[in-house]
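# Can you look at this prediction? I've put the sequence above it.
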Number of protein chains: 2
Amino acid sequence: MNPSGLERLIEALRCLPGIGPKSAQRLAYHLMQHDRPGAARLGEAIGHALQAIRHCQRCNTFTELEICERCASPRRDASLLCVVETPVDMNMMEQTLAYQGLYYVLMGKISPLDGVGARQLALDRLLARATDGVVREVILATNFTNEGEATAHYITAMLKARGVGVTRIARGVPVGGELEFVDSGTLAQALRERRNLESS
Amino acid sequence: MNPSGLERLIEALRCLPGIGPKSAQRLAYHLMQHDRPGAARLGEAIGHALQAIRHCQRCNTFTELEICERCASPRRDASLLCVVETPVDMNMMEQTLAYQGLYYVLMGKISPLDGVGARQLALDRLLARATDGVVREVILATNFTNEGEATAHYITAMLKARGVGVTRIARGVPVGGELEFVDSGTLAQALRERRNLESS
C-alpha cells in the first residue's frame, strides 16, 4: 500500500526494540510528514556513530578513543575494578561520588533464555583485565535480578579460581526506606546480612 | 558521560514521537551494542526516503511519483472524492473493497491546540482538487473525534460555498455490535440518524 521507499523505512525502524509494525508506520509517517530535518539529523547521527563509536580496550564501555578518558585518568585508583552491566549503571555509580576506582562494563548479563552465556559476554576479556597484576579487588555491581545474580556468581567463581579478591555491593533496606514498605525478600536479606556496629 | 557521537545519536533519536531521554539512550545503546547492521539499514532507509518520498500532486498521499498510481488509474471513479486524515485511513477504506472513487489525504486534521488550522492543512489544495469539474461528490471520512468532526465541519462549509456536493460517512452502532455494549453517545446518534426501511 505504501511506496517502496516508505516501506523500507518502516521495515528498518523495526530494528528499534519495542517498535512493532504499527508503531514503525506511525514513526515513518511522522518523520516524512512533520520532521524531515529531524530525520536528516537522525540519519547523519547514525552514520557518524557507526563510524566513531567503539569499545574501550580496557573497560569495554562506549568510547571514540582506543582507551576511554576514565581508564586513561591518572587520578583513578587502578587497584579497584567495579564490574557493571551497562554504561548507564556505570554512570549511576559515578553519580554516587563514592567510588574512585576503575570499571569493567559487561555490556549485558548472562541470560541463558536469550542465548547469552559466558562466551557471548566475552568474560575472558574481564579475566585478563582483572589479572593484570594491578587490580586488588573486583567489586561486582551487577543488578540484583536473577540474571544479574547469576552473572555475579559466574564471575565470582571465575575470578576466585585465579586468586583474585572479589566483593559484592550490599543488599538491604534502601536509605530512607521504611520497613513497612520494603518487600519481605529485601528485609530477609537485610537481616541475614546484618553487620556488627562499632562502638563509637 | 557518553562520548559525543553517542550523545548526538541519543539526541537525534528524540525526534521520534514518544521517545524521551531515557528511551533514546536505551535505543542508542541497543543499536551500537546489538544491531549495527540494523542501524546501518535504518540510516540508509532514512536517507533514501528523504530523497524519494514526496506528496502526490492530486491526492496528497505519500508517493515516489508525481501522481500516485491510484490517482493515475483509469479504473477508479473520478467523480467521487473521499477525504481522509492519513494514508492509514485511506488503506482502511481500500480494505473495505466498497469504494472505487479517488481520495484526498489531509495529512492531519484541524487542531487549534497544536496550532494546525486551515492554512497549515493547505485546504486550498483540497478546494482546487474538489472543484476540478469532474468531482461530483466529496465524501468526508475524517475520524469521529473532536478534531476530525471540526475538520469535517470546516471542509463542508468551504465546499458548500462553492456548490460542491458533500456527504459524511455514517455514524452508528458497529456491525456485530450489541446495544448493551455501545456507548450512549453512539446509540443516541444511531437513533437520531435512523433511516427509513424500504419494503422488500
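Arrived safely, thanks for sending.
# quick one, longest helix in chain A?
helix A:36-52 (DSSP state H).
# Would you mind measuring from the residue nearest the centre of chain A to chain B?
With distances taken as C-alpha atoms, centre = their mean, A:Thr86 lies nearest the centre of chain A, 0.9 Å away. From A:Thr86 across to chain B, the span is 7 Å (C-beta to the nearest C-beta, to the nearest Å). Quick note: C-beta positions are derived from backbone N, CA and C, even for glycine.
# per-residue confidence at that residue?
The model reports A:Thr86 with a pLDDT of 93.
# List the contacts of it.
A:Val105, A:Leu106, A:Met107, A:Gly108, B:Tyr29 (C-beta atoms under 8 Å, 6 or more residues apart in numbering or on different chains).
# Redo these as a markdown table? Include secondary structure and distance to A:Met158.
Listed next are the contacts of A:Thr86 as a markdown table, based on DSSP: H, G, I helix; E, B strand; the rest coil; distance: C-beta to C-beta, whole Å:
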| residue | secondary structure | distance to A:Met158 |
| --- | --- | --- |
| A:Val105 | strand | 17 |
| A:Leu106 | coil | 12 |
| A:Met107 | coil | 17 |
| A:Gly108 | coil | 16 |
| B:Tyr29 | helix | 25 |
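# before we move on, the earlier item: and the helix or strand just after the longest helix of chain A, how far out from the chain's middle?
On the C-terminal side of helix A:36-52, the closest following helix or strand by DSSP states H and E is strand A:54-55. The gap between where strand A:54-55 is centred and where its chain is centred comes out at 14 Å by C-alpha atoms, centre = their mean, to the nearest Å.
# Listing request: residues of chain A with sub-threshold pLDDT.
For chain A, the stretches flagged by pLDDT under 70 are A:199-200.
# tell me how far stretch A:61-69 is from the chain's mean position?
The answer for stretch A:61-69 is 15 Å, by C-alpha atoms, centre = their mean.
# Quick check: end-to-end length of it?
11 Å (C-alpha to C-alpha, to the nearest Å).
# What residues of that stretch count as buried?
A:Thr61, A:Phe62, A:Thr63, A:Glu64, A:Cys68 (16 or more other C-beta atoms under 10 Å in any protein chain shown).
# Mind checking which of the residues you listed land in strands?
A:Phe62, A:Thr63 (DSSP state E).
# Show me where chain A has its strands.
A:54-55, A:62-63, A:77-84, A:101-105, A:137-140, A:165-168.
# Adjacent strands (with direction) for the last one?
The sheet places strand A:165-168 alongside strand A:137-140 (parallel), with pairing taken from DSSP bridges.
# The second one too?
Next to strand A:62-63 in the sheet, as set by DSSP bridges, lie strand A:54-55 (antiparallel).
# Quick one: residues in contact with the strand it pairs with.
Counting by C-beta under 8 Å, 6+ apart, A:Thr61, A:Phe62, A:Thr63, A:Glu64, A:Met107 sit against strand A:54-55.
# Check stretch A:30-43 too.
Under C-beta under 8 Å, 6+ apart, the answer for stretch A:30-43 is A:6, A:9, B:12-13, B:15-17, B:43, B:46-47, B:49-50, B:53, B:62, B:107-108.
# Show me which residues of it are buried.
For stretch A:30-43, by 16+ other C-beta under 10 Å, it's A:His30, A:Leu31, A:Met32, A:Gly38, A:Ala39, A:Ala40, A:Arg41, A:Leu42, A:Gly43.
# That stretch: how far from the chain's middle?
30 Å.
# Endpoints of that stretch, how far apart?
First-to-last distance for stretch A:30-43 - C-alpha to C-alpha - comes to 15 Å.
# just stretch A:93-102 next, same as before
11 Å.
# Residues touching it, excluding its own?
A:58-59, A:70-71, A:75-82, A:84, A:103, A:139, A:141, B:1.
# May I see the PyMOL selection of the buried members of the residues you listed?
Restricted to buried positions by 16+ other C-beta under 10 Å, the PyMOL selection for these reads:
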select buried, chain A and resi 58+59+70+71+80+81+82+84+103+139+141
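# those helices in chain A, which residues are they?
Under DSSP H, chain A gives helices at A:4-13, A:21-34, A:36-52, A:69-72, A:87-95, A:123-130, A:146-160, A:184-192.
# right, and the ones you listed - which one's nearest B:Met158?
Across the helices of chain A, B:Met158 has its closest neighbour in helix A:21-34 (22.0 Å, C-beta to C-beta).
# Would you mind giving the orientation angle of that closest one with respect to helix A:4-13?
With axes from the mean of the first three to the mean of the last three C-alpha atoms, to 10 degrees as the basis, helix A:21-34 and helix A:4-13 are set at 130 degrees to each other.
# what's around the closest residue to A:Ser111 other than its chain neighbours, how many residues?
Closest residue in space to A:Ser111, ignoring its immediate chain neighbours: A:Glu147 at 4.7 Å, by C-beta to C-beta, 6 or more residues apart in numbering or on different chains. Per other C-beta atoms under 10 Å in any protein chain shown, the neighbour tally for A:Glu147 reads 18.
# just the one 3 residues further on next, same as before
Applying the criterion other C-beta under 10 Å, we find 15 residues in the vicinity of A:Ala150.
# which ones are touching it?
Per C-beta under 8 Å, 6+ apart, neighbours of A:Ala150: A:Lys109, A:Ile110.
# Likewise for the one 4 residues further on?
Neighbouring residues of A:Tyr154 by C-beta under 8 Å, 6+ apart: A:Ile110, A:Ala118, A:Leu123.
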